[in-house]
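Asker: test case, fold it:
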Amino acid sequence: MDDLDAVEFGTDGWRATLDVFTTPRVRAVAQATADHLAEAGRGGEPVAVGYDARPTSREFAEAIADVLAANGHDVLLPERDCPTPLTAYAIVDRDLAGALVVTASHNPPEYNGVKFIPDDGAPALPHVTQSIEANLRAPPADPDAARGEIREVDFAPAHFAHARDLVDADLSGLDVVYDAMHGSGRGFTDALLESAGATVERHRCERSDDFGGTPPEPDEANLQALALAVQEHDADIGIANDGDADRIAIVTPERGFLDENLFFAATYDYLLEDDSGPAVRTVSTTFLVDRIAAAHDEEVYETAVGFKWVAEEMGARDALFAGEESGGFSVRGHIREKDGVLMALLAAAAAAEESYDDRVDRILETYGEVHQSKVSVACPDDRKAAVLDELADSLPESVAGVAVERVNDADGFKALFEDGSWLLVRASGTEPKMRVYAEADSESRVADLLEAGRDLVEPLV
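Answerer: Next up, the predicted model:
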């Protein structure tokens, strides 16, 4: 049996390169999940197994389905790779005990991953993933339970009907360029937009084993071709998903790539036109959301980075909108899981009413300029805790010439300054890196803060 110590659940499941992410280890995760479900009183109940567009994902999904079926679970397996949020929604829609999804999200093609989604369709909290990790074992050769049935299904119709009901928009006359980045959103997000009346031009909507040579990460560097396509087709908006389509990014005619912080603020502003309710954001997400909320007498609740924490607070606060600066969002009335397919429909609905360029211009004129950026500092995983401990003892009273007003240690250290800017240092949950974020009212101030933050961290690594 492969060494199971290599299996470790991070921010959003276990991800590893394919030399580590092996079938025996994946089968052990499936067995541990079956054991967890039995301990939770849902042993033998139906489950789903989803998977993304990576060449190895279907094979791993079938291995997981085999183990779960051997433990007495009926298993629903998508007919083809599909977005993670469609599998998550199927859990709630079909009253399943949970789901395992094979995906490495935005990581390069030499990676794969697996994550467990509980019966509420929201990300698994640490006590759940710790239970699975603690019970890792090879499946027994002769299982005790009667074998369940593995059946192929289509998760799209129910999700689409729910999305169209939640976002009741007529997109007739809206021209969209959709970029699947060769991931699992192809044939789903574009189809949902067309069902609402949009005219969709497809970009990178063919399956590719290596994602066309570019990791399916919808950041500014990887969406330059989408920005050009928006110009070439005189489109109203460009929409992209990551590899498993749980995240969204948009491109506008004037700005090109729209910073996710501005997308969060503008979409929340759009929702507040006809609804009310607080927002939930991570410590790394813009304070611009707070300014908009305050103008509407709403609250904003801050969480550690990781959508599991966003989802937990979203449920506790009955939030109208929730998300993180990396592009994961959800909205009241939906499952508390990030959903790039639903968000594409919501973004298109907002753009059909008022362009994101115009809305962002108005927001910045009303609430003030906001700039944010981040850098990474290489740091071995086994040094991350020590770096944060040492940083706690060496935080200066001022950074880049401005006094520290207070420090938030909910996730690493976030120094808030007298001028309203902030600097955040935290450990990455998915890579051997420390992340340094900064926000201020000018790009030059952000650059100064990031340089100061890097200078604080690098000597400690």
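
Asker: how far away is residue 206 from residue 433?
Answerer: Distance, residue 206 to residue 433, using CB to CB, to the nearest Å: 32 Å. Heads up, the C-betas are built off the backbone N, CA and C, glycines and all.

Asker: more neighbours, these two?
Answerer: More crowded of residue 206 and residue 433, by other CB atoms under 10 Å: residue 433, with 17 against 10.

Asker: in contact with residue 190, which residues?
Answerer: Counting by CB atoms under 8 Å, 6 or more residues apart in numbering, residue 190 touches 178, 180, 200, 202, 205.

Asker: buried only: go through those for me.
Answerer: 178, 180, 200, 205 (16 or more other CB atoms under 10 Å).

Asker: from those residues, which two are the most distant?
Answerer: Spatially, the most separated pair among the buried ones among the contacts of residue 190 is 180 and 200, at 11.0 Å (CB to CB).

Asker: ok, the spatially most central residue of the chain to residue 306 distance?
Answerer: Nearest to the mean C-alpha position of the chain, by CA atoms, centre = their mean, lies residue 328 at 3.8 Å. Per CB to CB, residue 328 is found 10 Å from residue 306.

Asker: likewise for residue 389?
Answerer: From residue 389 over to residue 306 (counting by CB to CB), the distance is 20 Å.

Asker: look at those two and report which has more neighbours.
Answerer: residue 306 (22 against 10).

Asker: please enumerate the strands of the stretch 51-200 of the chain.
Answerer: 75-78, 99-102, 111-117, 150-153, 175-179, 199-203 (DSSP state E, counting those that start in this stretch).

Asker: so which of those strands is nearest residue 343?
Answerer: Between residue 343 and these, the tightest spacing by CB to CB is seen for strand 175-179, at 12.6 Å.

Asker: okay, the angle between the helix ranked longest in the chain and strand 111-117?
Answerer: Assignment by DSSP state H gives helix 23-39 as the longest helix of the chain. Counting by axes from the mean of the first three to the mean of the last three CA atoms, to 10 degrees, helix 23-39 lies at 10 degrees to strand 111-117.

Asker: buried residues in helix 23-39, which are they?
Answerer: So for helix 23-39, counting by 16+ other CB under 10 Å, buried means 25-38.

Asker: pretty sure residue 327 contacts residue 340?
Answerer: Yes. With contacts counted by CB atoms under 8 Å, residue 327 reaches residue 340, the gap being 7.4 Å.

Asker: neighbour-wise, which of these two wins?
Answerer: Remark: of residue 327 and residue 340, residue 340 carries more neighbours, 29 against 24, as counted by other CB under 10 Å.

Asker: from what I can see residue 414 touches residue 422, true?
Answerer: Yes. Using CB under 8 Å, residue 414 is in contact with residue 422, at 5.9 Å.

Asker: between these two, point out the one with more neighbours.
Answerer: Neighbour count, other CB under 10 Å: between residue 414 and residue 422, residue 422 has more, with 25 against 19.

Asker: how far away is that one from residue 306?
Answerer: Counting by CB to CB - residue 422 and residue 306 are separated by 19 Å.

Asker: also residue 71?
Answerer: 29 Å.

Asker: and what of residue 133?
Answerer: 16 Å.

Asker: over to residue 418?
Answerer: Separation of residue 418 from residue 306 (CB to CB) stands at 29 Å.

Asker: which residues touch residue 146?
Answerer: By CB under 8 Å, 6+ apart, the residues touching residue 146 are residue 72.

Asker: mind pulling up the pLDDT for it?
Answerer: You'll see residue 146 listed with a pLDDT of 90.

Asker: for the stretch 351-461 of the chain, which segments are assigned as strands?
Answerer: 371-378, 398-399, 402-408, 413-417, 422-427, 433-440.

Asker: looking at residue 431 now. What's its pLDDT?
Answerer: pLDDT, read off for residue 431, is 80.

Asker: so the closest residue to it other than its chain neighbours versus residue 108, what's the distance?
Answerer: Nearest in space to residue 431, with sequence neighbours left out and distances taken as CB to CB, 6 or more residues apart in numbering, is residue 376 at 7.6 Å. Separation of residue 376 from residue 108 (CB to CB) stands at 16 Å.

Asker: could you chop this protein up by domain?
Answerer: Segmentation of the chain into domains, based on automatic domain parsing, reads 4-154, 158-367, 371-460.

Asker: tell me the pLDDT at residue 2?
Answerer: For residue 2, pLDDT reads 63.

Asker: ditto for residue 391
Answerer: Predicted confidence (pLDDT) for residue 391: 89.

Asker: hmm, it is touching residue 457, no?
Answerer: Yes. Under the criterion of CB under 8 Å, residue 391 makes contact with residue 457 at 7.2 Å.

Asker: please consider this matter closed, and thank you.
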